[in-house]
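Q: just to be clear, the model below is a prediction. Sequence and coordinates:
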Amino acid sequence: MTFEENLERLEQIATSLVRDDLSLEQALTLFEEGIAKLKAASAELTKAEGRVAKLVEKADGVFETVDTDDRG
């Protein structure tokens, strides 16, 4: 599944979990699925962050890689 598909499914799961007509077993099954989707989406974000590695064009036209952990 893509990141977007995982996110959409997570939203569906969250909506379902707030309903009060689910049995405990159904809720636990959805919760487990949600955790799996969350891990998959998080891994996809980490992978994308690595790919981006933020190429920044300097004034002279040279590209440099910027550490994605630099927040300042």
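A: Good, I have the coordinates.

Q: point out where this protein drops to low pLDDT.
A: 53-61, 63-72 (pLDDT under 70).

Q: gap between stretch 9-26 and the chain center?
A: In terms of C-alpha atoms, centre = their mean, to the nearest Å, the gap separating the centre of stretch 9-26 from the centre of its chain is 20 Å.

Q: buried ones in that stretch?
A: By neighbour count on 16 or more other C-beta atoms under 10 Å, the buried set for stretch 9-26 is R9, L10, I13. All C-beta spots, glycine's among them, are computed from the backbone N, C-alpha and C.

Q: which of those residues fall in helices?
A: Using DSSP state H, the members of these that fall within helices are R9, L10, I13.

Q: dump those residues into JSON lines; add distance to V52 as well.
A: Below are those laid out as JSON lines (distance: C-beta to C-beta, whole Å):
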{"residue": "R9", "distance to V52": "24"}
{"residue": "L10", "distance to V52": "22"}
{"residue": "I13", "distance to V52": "28"}
